[in-house]
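Enquirer: Here is a sequence together with a model predicted from it:
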Amino acid sequence: MTSVAQAQPNIALIKYWGKRDHVQNLPAVSSLSVTLQSLSTRMSVEFRQSGGPDTLQINNAEAPAMLRRVSHCLDLVAGADRDNADVVSVSNFPIGAGLASSASAFAALVVAAEHELGGSRSQLELARLAGASSGSAARSLFGGIVELTAGDEQIAVETVCDSVDWPLDVIVAITAEGPKPLGSGEAMIRSEATSPFYSSWLENQDDDLCVAREAVNDRNFAQLGAVAEHNCLKMHSVMWSSSPPIVYWNSATLSCMETIRSLQTDGVPVFFTIDAGPQVKAICLPEAVATVRAALQKTAGVINTMHSSLGPGARPSEAR
Ligand code: DP6
């Protein structure tokens, strides 16, 4: 039998940057994200009794570089004495380019593997397993606006507001194609070891999260935008102040930020966030989608834009 699952990437508004435990991949800070609707990863998993190693195909090509992480994740779900597996992943958006493709991939992987085993783990248990492979993946098990609480021994994850209760939209401005120069896991290790700002980043995170949670409860878009932009720029300050510096932005990233600033000046409800890559994500209210997308599309250096509403958490899906 082959089991298939689908998951969407999520974009953090209050960022995860830094690990408390590298072996278990426990995040050093809590975070808050939105799960997207129209970007998605379909993952199929088949355990087989015949010999040979695990195999992995991503978007129709063998993917040996990711195989070790995928095999480790399957060990966590199925036990190290499991049968070997054939894994096929297809995403409808660029992977490894700062669009959270590892979040949707590992979220879909744990759900597909659990389904294949006939298991009955809860969404939270699956989130913890996904998070052990990629911290942000834990949040993609849940839909809408999602909070991840970092703990000494384990994380907690839950939807704090679903997409019906507060519809938000995301426009992604693609400013460069191709993989990012440094993966986020490696970059975090460098920030922890070398950034003089890392400790204050950790100290202030809970305050930012509190302000963001209050903004979500009150549906206060301006408050959410202000704290999200500030938190994003603090994370990038930690990256920039690492040694050697970690700079994911290009000139078009900055141009997009200027576009969004000028939309804000005109009263358009929109704010930006940027992850470990040069793409800019603009979060806006539904009535602003067309204006924001048109403005970003004509910003210098923008290759393409994508639009998504907020979507559901990872779930099993029909095999095709
Ligand atoms: C900048 O989840 O990719 O997107 O746990 O090492 O796999 P690993 O890191 P990952 O880091 C995501 C970092 C971020 C911020 C965020 O999504 O919160």
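Expert: Good, I have the coordinates.
Enquirer: okay, CA-based contacts and neighbour counts for the rest of this
Expert: Will do.
Enquirer: pLDDT at Arg213, what is it?
Expert: For Arg213, the model assigns a pLDDT of 98.
Enquirer: Revised request: answer the last question for Ala63.
Expert: We have a pLDDT of 86 for Ala63.
Enquirer: Test my guess that Leu126 contacts Ala113.
Expert: No. Look at Leu126 against Ala113 with C-alpha atoms under 8 Å: they stay out of range, at 10.1 Å.
Enquirer: Which one's more surrounded, those two?
Expert: Ala113 (28 against 22; other C-alpha atoms under 10 Å).
Enquirer: how about the helices in this protein?
Expert: 64-78, 101-117, 123-133, 184-194, 198-217, 221-240, 251-265, 289-297 (DSSP state H).
Enquirer: Redo those as a markdown table? Include distance to the ligand.
Expert: Output for the helices of the chain, formatted as a markdown table (distance: least, C-alpha to the nearest ligand atom, whole Å):
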| stretch | distance to the ligand |
| --- | --- |
| helix 64-78 | 10 |
| helix 101-117 | 6 |
| helix 123-133 | 6 |
| helix 184-194 | 3 |
| helix 198-217 | 12 |
| helix 221-240 | 8 |
| helix 251-265 | 15 |
| helix 289-297 | 21 |
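Enquirer: out of those helices, deepest packed?
Expert: helix 101-117 (a mean of 28; mean count of other C-alpha atoms under 10 Å).
Enquirer: Average pLDDT for it, rounded please.
Expert: For helix 101-117, the per-residue pLDDT averages 96.
Enquirer: Same check on stretch 37-50?
Expert: Per-residue scores along stretch 37-50 average to 94.
Enquirer: Any idea how far apart the tips of that stretch sit?
Expert: One end of stretch 37-50 sits 37 Å from the other (C-alpha to C-alpha, to the nearest Å).
Enquirer: How about the closest residue to Thr2 other than its chain neighbours: which residues does it bridge to?
Expert: Of all residues not flanking Thr2 in the chain, Glu46 sits nearest, at 4.7 Å (C-alpha to C-alpha, 6 or more residues apart in numbering). On DSSP bridges, the residues paired with Glu46 through beta bridges are Asp86.
Enquirer: tell me the contacts of Glu46?
Expert: Taking C-alpha atoms under 8 Å, 6 or more residues apart in numbering, we find Glu46 in contact with Met1, Thr2, Ser3, Ala85, Asp86, Val87, Ala113, Glu116.
Enquirer: what's the answer for Phe106, then?
Expert: Val70, Cys73, Ala130, Ser133, Ser134, Ala137.
Enquirer: nearest to Thr149, of the residues you listed?
Expert: Set against Thr149, the nearest of those by C-alpha to C-alpha is Ala137 (13.6 Å).
Enquirer: From the ligand, how far out is that closest one?
Expert: Using C-alpha to the nearest ligand atom, to the nearest Å, Ala137 is found at 6 Å from the ligand.
Enquirer: for Ala85, same thing?
Expert: 21 Å.
Enquirer: Show the contacting residues for that residue.
Expert: Contacts of Ala85 by C-alpha under 8 Å, 6+ apart are Val45, Glu46, Phe47, Arg48, Pro53, Asp54, Thr55.
Enquirer: what about burial for these, which qualify?
Expert: Neighbour counting with 16 or more other C-alpha atoms under 10 Å marks Val45, Glu46, Phe47, Asp54, Thr55 as buried within the contacts of Ala85.
Enquirer: Check those residues against Lys281 and report the nearest one.
Expert: For the buried ones among the contacts of Ala85, the nearest to Lys281 is Val45 (30.9 Å; C-alpha to C-alpha).
Enquirer: Can you give me the separation between that closest one and Leu56?
Expert: Using C-alpha to C-alpha, Val45 is found at 9 Å from Leu56.
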